[in-house]
Every structure is written in structure tokens, then in C-alpha cells.
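>>> okay, predicted coordinates and the sequence, questions at the end:
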Amino acid sequence: MSHSIASTDFLKNEEHAKWHDETLWMIREKRDLASQKVPEWENLRTLASSIKEHVLSNLDHLLLEFEANATKNGIQVHWAKDAQEHNQFVLDILKKQSCAQVVKSKSILTEECHLNPFLEKNGIEVIDTDLGERIVQFLHQPPSHIVLPAIHLKKRDISELFHQKLQTEKGNEDPYYLTQAARNHLREKFLKAKVAITGVNFGIAETGEFVVCTNEGNADMGVHLADVHIACMGIEKLIPRRNDLGVFLRLLARSATGQAITNYTSHFRGPEKGKQIHLILVDNGRTEQLGREKFRNSLKCIRCGACMNTCPIYRRSGGFSYQSTVPGPIGSILSPGLDLKKYSSLPFASTLCGSCTDVCPVKINIHEQLYEWRQEITKANPNYAESLSMKLASGIFKSPLAYRISGFLMRKLIINLPDSLLYNPWNVWGKGRKLPKAPQESFRNWYLNHRKDEQ
Amino acid sequence: MSSKQEILEKIRHLRLDQTELPTIPEFKNSLNTEEEFKASIEANKGEVISQEKLMSWISESGFQNTLSFSQLINVNTSYTKIEDAHELDQLQVAIIDGQFGVGENGAIWITNDQVPFRAIPFITEHLVIVIPKNEIVPTMHQAYIKTSNQTYSFGLFIAGPSKTADIEQSLVIGAHGAKSLRVVLV
């Protein structure tokens, strides 16, 4: 299903669509305020971009350095070339621990690998512990935003859901009350869990440590109470030096939600006494993207979600309309690399206004890459209807006589045809758009008459 | 070929020209770091309080389950010996020392040296962190320089209580971890 068709579903509820649009814009404004308080903001963005540039140009060495240092600290490192291998590693570790229930904090990578359905098929219950993720998990939905997983839902929906799942009072929509119900429910799960899964925000080659950022503290509640911590990390999440964290952590939360930093920033260098840490390094198409010169930069992404919050299309179409793990502008340049056919409509889900590029903390030229993907997609899969109309247009523009005749006809048609014919279902362009008022005469006619009067 | 070899070969095969790794400038900051730190903690929904206020809060609230690992202040607490972090599920107040704070965002640095179990700052209902008044750095850059030679196995920046806004963007304090954060500068 194309993005535009999928988004009609979201737009059916006008009031909700408006709320979604305005709420994400409010977060964008918070990001602006937070970034303006840092005088060296632009400097930091340039630095972050160049550091990631270096990482991408030196990835093999840095990966080996990271592995060596992590191993030295007692972390067990695994390499997975694709989603299937990643999922199998996780399952094997869980089986070894005879673990039938696992707690998991937010990780876009595990969404990308479809880890949850795989584990469930193998008899393991996965409990997402980020509040937003637990909500969408109850609904059997994927997250609709990478930082705000349940931004497509209203408290009314959540109240109803929690009434069914957690036996909260019917009709009680108080966010504090609902959050406390989730806290008690998940506390029980944390206390029982033997294994906890987390994502990774940054892996540091120099020290072999990795960093996980949360506001809820759910990642830490999981791993510190469990015996085994499994951390899933895309190979592009590396940074060379520990000091580079200073640059990235100043940018990440400010770009994401306008906070100065997330309330918890945990640095894992080795396991707690008697426990284990497994780290899985995942490729899953990243090396292919690295080989695409025009799109390589997309791998600099630190998953802050700022491009989604600012995007006029994302705000008005919702995350699900993209039908890819990472939605929004960054998702629209990452996903076509994974499956060009499936995601061929995403690079067109943009006005190319460039706002995504303006807010990106690592300076990815997102809108330029969207444009580049359009070229690739049109080459790979030309749209005949569109190319026919382009040929027609080209013929009309080449001949002054044809141009004059068609102009004359259009003016008559637009003025005289009823709306039911003009906006018939075949006219896709007319959906949600209105034709301009047709002038009575052409510019050429007006010009000739005007000059005549003057003389 | 192992997956590790396969991934590395794919990268090497691209023969990318290595770009230069930039040096990070010092980013001098002339702000009053202590005042800025207090404002940052408050923005994160924490609180900076005096030692006297802390003591009266503890005695007035009548907490049963309290625990302190602070070397900087003396507080009588209820737990004697803990063998496993799961025993702390009913912990009401934990008092720990922070090594230093960061002015620009209120983050406080703690390592496994400050807590016998990593779960303590999270599992407790209320968290109190004590830091020396003169140990505040302006930004994250100085924070990482200051800790560059440390050999922790777990390091943590805490900047506020556990919070979430996942229900309609309404801010709720106390998601999974501590429901409040009090910071005492001594």
C-alpha cells in the first residue's frame, strides 16, 4: 500500500489528526528553545557529523577495537549478519538460561529484526517495558514514532485498554493513575525477569563500553535485576572516543524532546559480579547502505526523531502510514535501501521543504537523499501513466499552437464543467486539492489587448 | 566464513577513504555553574535541598525502609545487610553520593563504587544524591574529561526522577524508577 493511501486512514479522524500535528510541532518548538540555549549548537552538529563520517569511513577497524575492548571487560560479543541470525542469538541465550519470559526496553533494532514475533513463536513471552511500547504491545501494534511510540493514541484509548488489561477503573483517564497502574504491573515483571534485553545508543570503540539512554529508567530496572543482559546494537552505533559522548549527549535529548539530557544515561563497561552481558553487533543491510555513496550519510542517524516532529507530512499522516520500522523522513531514506519495491512510495511522502535537514543533529542531508531516491525509484520502476502525461505535456509545450488551443479548452472546461465531473474519482490530483479559478482570457490575449489600448 | 569475517570483508571491499577525526574544542563556559546546576535539576523535576531539610523530611515522613551509602553525610537507616537487589523492592529512600554534577543539564555522575548494587538508584521509591558543592562542571565535555581515567564497570548520569510522557504527552513523574530526586550540596 502506498503512503498516500495508508495515510487516508489516519486522516479520517480530523480532530485527532489535528492534535497529532500540533503536539509534534510543540515538541519541535521545545527542541528549538533547547538548542538555542547552547551557543555552540551549530558547532556541535558539525562535529557530530564529522565524527560519524570518520566512523563510517573506518568502520572495520573501529568494530574490531570495540570488540577487543568489550571482550577484555568481560562482555561477550556476537556478530550477526542479518535479522535472522540476530534473533537466533537471542533465542539461544534465552534457552541456555531456561528463560520463558523476557523484559525488553526500547530498541528500534529489535523492531527492525522482528524479534518479538520470532521469540513468541518459540514460546517466549516478551514484555516491552517502556510505557509507550507496552501500550502498543497490548494493542498488537508497532510503535508509530521512534521516541514517542504511542503518540498516535489518546488517553481515552489508553484508559479503555488498561481497564481491559490491567483492571483499572473504567473511565479513569488520569495519566498519573494510568502510569502508576503500569508501574505496578511492570514492577512485578522486572522482579521476576532472569534476562533483560536493551538497545544501544552509543558503543565506544576506545573503551568497549556502551551507553543506553532512558527517561523512565526501564532499561536499568530490567538489566540490574536480571542475571543476563542482552544488548542489541547496529554496527553504525559506534563512536571512536569516550569524549565524543560529550558531543552526542548534548545533541540527542535536546533534539528529541527539548530536554537537556535524558534522566538516565547508563554506561555499561562490564557485567555486575556473577552476571553476564551479551552484546550482538548487527549488520542487516547496513553494509549495503554503506556502499551506496549517495545514501551513506543516512547511517549517521542517532534516532532522535527530530525529523519526524518537524515534518509536515509525518505530522499530518502519522507513523503507521509509512509501514516501515523507522517512519518519517529518516525512515524514508533508510527503508528503500532494505526493500526498494515495498518502500517505493516513501521518498515521495515529502514536500522536500528541507526542515528535516535543518534540525538533524548529525547534519544528514535528508531532503536531498529523498530527492535522490526518487530518481532511483523512477529509473527502476517507471510509472507509465505519469510518463504518458509528461509526454503529452511536452508535446503541448513544444508547439505554440497546441499550447494556445489547450489553454483555451482548459479555461472553458474549468469554468463550465460541474464539480462532480472535475473531481471525479479518476482525478487523483483533485483529492484534497482545489483547482484555481480559471481566468476569462489568456495572458497572451490580455497582453495583446493591453498593448493595443496603449498605442 | 563467519558472520564477523563476512561483515568486515563487506566493509573492506568498499575501500572507503578514511576521513579525519576532528578534535573536540574546549568550549569554555563562563556561567555560574552552581546556580545553573540547581536550575537544571529543577527543570528535570528534581529538587536541590539543604541537609537540614533532608533530615526533617526523613523524620517527618516516617519511612520504615531507608538505606544510605553516603560518605558525605550521616543518616541512620533501617537496612543492615543486603544479599540481593530483589530484597530492596520495598525500599523507600536511598541516599547515595554523587561524584560531581553538570551545570548545563543537572546530570550527576555515579559509578559502581558508590552503590553495592546497580539497581539501588532505580528500585528505590525516593532517591537522594549528595554531592560536594565545589564539584560541579559546566558541560558534558568537562564531565568526560574529568572521568577519563576511571575504571568503573558501570557508570551512570542521573539528572532527575523517573518520568514519562507516553500518555498524551502529559508529564508523569515516577514511571518505573525513583518517584523523586533530592540533591544535597555539601
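Ah, there it is. Numbering: from 1, shown residues only, chains lettered A, B, ... in the order given.
>>> could you pull up phi and psi at the residue sitting nearest the centre point of chain B?
What sits nearest the mean C-alpha location of chain B, by Cα atoms, centre = their mean, is residue B:158, with 2.2 Å. Phi and psi for residue B:158, reported as degrees, to the nearest 10, are phi -110, psi 130.
>>> how about the nearest residue to it, chain neighbours excluded?
When the adjacent residues along the chain are set aside, residue B:158 lies closest to residue B:108, with 5.2 Å between them (Cβ to Cβ, 6 or more residues apart in numbering or on different chains). C-beta coordinates here come from the backbone N, C-alpha and C atoms, glycine included.
>>> which stretches in chain A count as strands?
Shown for chain A, the strands assigned by DSSP state E span residues A:75-80, A:101-104, A:125-128, A:195-198, A:202-204, A:209-214, A:228-234, A:238-239, A:264-268, A:276-282.
>>> read off the pLDDT value for the residue nearest to the centre of chain B.
pLDDT recorded at residue B:158 is 98.
>>> what's around the closest residue to chain B within the stretch 301-450 of chain A, how many residues?
Nearest residue of the stretch 301-450 of chain A to chain B (Cβ to the nearest Cβ) works out as residue A:309 at 11.5 Å. Using other Cβ atoms under 10 Å in any protein chain shown, residue A:309 has 30 other residues around it.
>>> can you give me the strands in chain B?
B:47-49, B:66-68, B:93-97, B:100-102, B:108-111, B:126-131, B:136-137, B:154-158, B:163-164, B:172-173, B:180-185.
>>> highest average neighbour count across the ones you listed?
strand B:100-102 (a mean of 26; mean count of other Cβ atoms under 10 Å in any protein chain shown).
>>> what's the offset of that one from the middle of its chain?
Its chain's C-alpha centre and that of strand B:100-102 lie 9 Å apart, by Cα atoms, centre = their mean, to the nearest Å.
>>> now residue A:312: closest residue in space that isn't a chain neighbour?
residue A:351 (5.9 Å).
>>> neighbours around the one you found, how many?
So residue A:351, with other Cβ under 10 Å, has 11 neighbours.
>>> quick one: pLDDT of it?
96.
>>> quick one: low-confidence ranges for chain B?
For chain B, the stretches flagged by pLDDT under 70 are B:30-31.
>>> now do the residue in it positioned nearest to chain A: how many residues are near it, please.
In chain B, the residue that lies nearest chain A is residue B:177 (3.0 Å; Cβ to the nearest Cβ). Residues near residue B:177, counting by other Cβ under 10 Å, number 27.
>>> which residues does it contact?
A:216-218, A:220-221, A:264, B:121-123, B:161-162 (Cβ atoms under 8 Å, 6 or more residues apart in numbering or on different chains).
>>> was I right to think residue B:119 contacts residue A:219?
No. Taking contacts as Cβ atoms under 8 Å, residue B:119 lies outside contact range of residue A:219: 12.0 Å.
>>> out of everything not next to it in sequence, what's closest to residue A:51?
Residue A:51 sits nearest to residue A:244 (Cβ to Cβ, 6+ apart), 5.3 Å away.
>>> which residue sits closest to residue B:9, ignoring its sequence neighbours?
residue B:1 (7.3 Å).
>>> and for the one you found, the neighbour number?
9.
>>> same check, this time on residue A:315
20.
>>> mind listing what the closest residue to chain B within the stretch 101-250 of chain A touches?
Residue nearest to chain B within the stretch 101-250 of chain A: residue A:217 (3.0 Å; Cβ to the nearest Cβ). Applying Cβ under 8 Å, 6+ apart to residue A:217 gives the contacts A:263-264, B:122, B:162, B:175-178.
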